[in-house]
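Undergrad: no sequence on this one, just coordinates:
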């Protein structure tokens, strides 16, 4: 018996509806991501938001608004409900009274990628997929390998040769076939796509399947729960592929439609990239609807070394709709912020997560944030993944 109110998939551009009971990728006409649409009226009628708080912790307590229809198909390692921590020392230094870090490094496999891959692999299992493939800058590969192993699926991963060794080894030990390539995630994506088409692998690349976004959106539901059905004023998010940013903005719209929020106010979304690979910032500043491919991408934050997201239009649209902004920071600033967060608060953030603090420092200088606003930084992974032998 279904416990999800998932209705169908819909193109994020032309709004064409797609059958959710068949394997889907993206809209072939628009080359745009598909988004999961739910029966909001039925959810509102049958689900008590406060009852959700009584359920066992984790991502799947929001199951009615997730795409897996039958509980036996859920593949879980305990992902979700990563802690939202106050960071008073760093906040005080910046003149801020309500600064938080959502520490996604506490998820299985050490990053927020566990959320998206838990949803994608669970739905793949439900659709009788037998083998999955992914290009990755690191953490997504390790997460996919782990969830595929738990689901009994074959996994193949393409990743750059300079991917942190922890990501390579965690993928291999979980039984995935790993191909290390010369080049960036864009080249890895091309190779994975060819293999998928030629050999029948299901490609779970960012936004080239519809369900990773659904796992990531739960971060937005968790924020609403934490702030007692209000939302923070500002969310600062490291943006490579952008599933988390798009997913959370989708979650806030769903929460509003469900009538679960106590406020009409939405967070201002801030996308953060490294200045050695900042296609979103360049497009945002230029007022463009799409990103140009970033040539010669270089940054220590491998998860931000994404020359162009498949969902660039959605990312830019959501930032602007939220009245947010986009900031590029240097690798030097990232390293300083990483040390600052660890020494002051005991949080060993991945470079991608540390980039959000570096961006916040710029926003404070600009007067873009106010002292009493609720501000949430997202640390998307543990810094332990980046330690070199």
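TA: Happy to help now that I have it. Treat the numbers as computed from the prediction; the structure is a model and nothing was measured.
Undergrad: quick one: contacts for the closest residue to residue 21 other than its chain neighbours?
TA: Ranked by Cβ to Cβ, 6 or more residues apart in numbering and with sequence neighbours excluded, the top spatial neighbour of residue 21 is residue 127, at 7.7 Å. (Glycine included, C-beta is placed from N, CA and C.) For residue 127, the contacting residues are 21, 22, 23, by Cβ atoms under 8 Å, 6 or more residues apart in numbering.
Undergrad: repeat for residue 123
TA: 67, 68, 73, 211.
Undergrad: which two in these are spaced the farthest apart?
TA: Distance extremes for the contacts of residue 123: the farthest pair is 73 and 211 at 11.8 Å, using Cβ to Cβ.
Undergrad: follow-up on the earlier one: JSON lines please, covering the contacts of residue 123 and showing pLDDT and distance to residue 263.
TA: As requested, the contacts of residue 123 are exported to JSON lines (pLDDT from 0 to 100; distance: Cβ to Cβ, whole Å):
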{"residue": "67", "pLDDT": "97", "distance to residue 263": "27"}
{"residue": "68", "pLDDT": "98", "distance to residue 263": "30"}
{"residue": "73", "pLDDT": "97", "distance to residue 263": "35"}
{"residue": "211", "pLDDT": "97", "distance to residue 263": "29"}
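Undergrad: Looking at the residues you listed, which one is closest to residue 254?
TA: The nearest member of those to residue 254, counting by Cβ to Cβ, is residue 67 at 12.6 Å.
Undergrad: Can you tell me which of the contacts of residue 127 is closest to residue 43?
TA: For those, the residue nearest residue 43 by Cβ to Cβ is residue 21; the value is 19.3 Å.
Undergrad: before we move on, what SS does the closest one have?
TA: coil (DSSP: H, G, I helix; E, B strand; the rest coil).
Undergrad: how close does it get to residue 361?
TA: Residue 21 sits 48 Å away from residue 361, going by Cβ to Cβ, to the nearest Å.
Undergrad: ok, these two, which is more surrounded?
TA: The residue with more neighbours, out of residue 21 and residue 361 and counting by other Cβ atoms under 10 Å, is residue 361; that gives 18 against 9.
Undergrad: ok, now which ones touch that one?
TA: Contacts for residue 361 (Cβ under 8 Å, 6+ apart) come out as 94, 333, 337.
Undergrad: For the second one, give its distance to residue 291.
TA: Okay, so that is residue 333. For residue 333 relative to residue 291 (Cβ to Cβ), the value is 22 Å.
Undergrad: Of these two, which one has the most company?
TA: Using other Cβ under 10 Å as the criterion, residue 333 and residue 291 rank with residue 291 on top: 23 against 19.
Undergrad: On the three-state scheme, the more buried one is what?
TA: coil.
Undergrad: which residues sit in contact with it?
TA: Contacts of residue 291 by Cβ under 8 Å, 6+ apart are 279, 280, 282, 283, 308, 309, 312, 316.
Undergrad: again, but for residue 133
TA: Contacts of residue 133 (Cβ under 8 Å, 6+ apart): 155, 156, 157, 158, 192, 195, 196, 201, 202, 203, 204.
Undergrad: try 10 Å
TA: Residues in contact with residue 133 (Cβ atoms under 10 Å, 6 or more residues apart in numbering) are 144, 148, 154-158, 176-177, 179, 191-193, 195-196, 199-205.
Undergrad: Give me the pLDDT value at the residue nearest the centre of the chain.
TA: For the chain, residue 244 is the residue whose C-alpha lies nearest the centre (Cα atoms, centre = their mean; 2.9 Å). With respect to pLDDT, residue 244 scores 96.
Undergrad: Excluding sequence neighbours, find me the nearest residue to it.
TA: residue 216 is the one closest to residue 244 (Cβ to Cβ, 6+ apart), at 4.5 Å.
Undergrad: which strands and helices sit next to the helix or strand of the chain with the lowest mean pLDDT?
TA: Across the helices and strands of the chain, mean pLDDT, DSSP states H and E gives its lowest value to helix 185-199, namely a mean of 90. Contacts defined by 3 or more Cβ pairs under 10 Å, 6 or more residues apart in numbering; DSSP states H and E place helix 185-199 against strand 131-135, strand 154-160, strand 177-181, strand 202-203.
Undergrad: quick one: terminal-to-terminal distance for stretch 5-25?
TA: 20 Å (Cα to Cα, to the nearest Å).
Undergrad: Any idea how many residues pack against the nearest residue to residue 225 once chain neighbours are set aside?
TA: Once flanking residues are discounted, residue 225 sits nearest to residue 53: 6.6 Å by Cβ to Cβ, 6+ apart. By the measure other Cβ under 10 Å, the count of residues near residue 53 is 10.
Undergrad: What's the separation between residue 53 and residue 80?
TA: Separation of residue 53 from residue 80 (Cβ to Cβ): 14 Å.
Undergrad: Need the overlap of contacts for these two.
TA: Residues touching both residue 53 and residue 80 (Cβ under 10 Å, 6+ apart): residue 61.
Undergrad: Output the below-cut-off pLDDT ranges for the protein.
TA: 1-2, 389 (pLDDT under 70).
Undergrad: Show me the strands in it, by range?
TA: For the chain, the strands defined by DSSP state E occupy 6-11, 17-18, 26-27, 32-38, 84-86, 99-103, 131-135, 154-160, 177-181, 202-203, 234-238, 268-274, 325-329, 375-379.
Undergrad: Neighbouring strands of the first one in the sheet, and parallel or not?
TA: What that stands for is strand 6-11. strand 17-18 (antiparallel), strand 32-38 (antiparallel) (DSSP bridges).
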